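> Sequence isn't available, so here's the structure alone:
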């Protein structure tokens, strides 16, 4: 049996537009609805959502039969949690709050088997179809996609060094913490925040790395795509449900 192909990784490296969504509701039915709808990718968030290991696993299993790539945002740049997520079959990892080249290097090493990294070896688990994938340990990294979140002014400035780390496949600009890092928390439309978002994009372009971002505003999403962002999350399941319910209620109250 061959290792599963990571079409998301293949597409972003070709700079093909990939439309995604942020999933925070920790629910396999929601994951299935997202997949059936046809998003190119969906973040299963472990940093700011109460997703535990078992909940992530069930979402990965549900999404297996669809073309939506599950992108697991781990809670921190820490090799033990990354090892467990990879062994569960995730192929795309999003690392939050990476500040510099050293932290980016550690992120990559957590996804590589020795001698290239520190990933521990499990003989039979979901990642290698319980031992059925041929030569998994030598081919695994070809389909693993490492995405780095740059979420501060310092991290934006360090994008050239971060992007130069072998094994980094894409850079994700985190607008929420970015606004917070310059004392303008939640002010996403502020000129200084937007300038940093576009500075990050330009540095990614110069470094040859695909850039990603999240926004809940359709006009901004369309503009980011037009201006060169490759993988864009255009909303979150939480926001869609909350605002949808709110707007529906307003029609009857």
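Sure, I can see it. Owing to the predicted nature of the structure, the values given are computational and were not obtained by experimental measurement.

> Going along the chain, name the helices of this structure.
7-13, 28-37, 53-63, 79-87, 101-109, 136-143, 153-157, 159-163, 175-181, 191-207, 218-227, 237-250 (DSSP state H).

> average pLDDT across the last one?
In other words, helix 237-250. Averaging the model's pLDDT scores along helix 237-250 yields 98.

> next one: the fifth one
Per-residue pLDDT values across helix 101-109 average out to 99.

> between it and helix 79-87, what angle do the directions make?
Interaxial angle, helix 101-109 versus helix 79-87 (axes from the mean of the first three to the mean of the last three CA atoms, to 10 degrees): 40 degrees.

> So which bits of helix 101-109 are buried?
101, 103-109 (16 or more other CB atoms under 10 Å). Where you see a C-beta, it was placed from the backbone N, CA and C, and this is true even at glycine.

> Tell me which residues are up against that helix.
With contacts defined as CB atoms under 8 Å, 6 or more residues apart in numbering, helix 101-109 is touched by 77, 79, 82, 93, 95, 98, 116-119, 146, 148, 158, 161-162, 164-168.

> ok, of those residues, which come out buried?
Buried among the contacts of helix 101-109 by 16+ other CB under 10 Å: 77, 79, 82, 93, 95, 98, 117-119, 146, 148, 158, 162, 165, 167-168.

> In strands, which of these fall?
The strands, defined by DSSP state E, take in 93, 95, 146, 148 from the buried ones among the contacts of helix 101-109.

> Just flag the most distant two among these.
Greatest spacing in those, by CB to CB: 93 and 148 (9.6 Å).

> Might you report the residue contacts of residue 94?
43, 71-74, 147, 149, 172.

> Name the nearest of those relative to residue 58.
residue 72 (12.8 Å).

> beta partners for the residue nearest the centre of the chain?
The centroid of the chain falls nearest to residue 94 when counting by CA atoms, centre = their mean (3.9 Å). Counting by DSSP bridges, residue 94 is bridged to residue 73, residue 147.

> Can you give me the distance of it to residue 79?
Going from residue 94 to residue 79 by CB to CB, to the nearest Å gives 15 Å.

> got it, and residue 148?
Distance from residue 148 to residue 79, by CB to CB: 15 Å.

> Widest-spaced pair of the buried ones among the contacts of helix 101-109?
119 and 158 (24.6 Å).

> contacting residues for residue 216?
234-236, 239.

> tell me which of the residues you listed is nearest to residue 55?
Lowest distance from residue 55 to the contacts of residue 216 (CB to CB) belongs to residue 236, with 16.3 Å.
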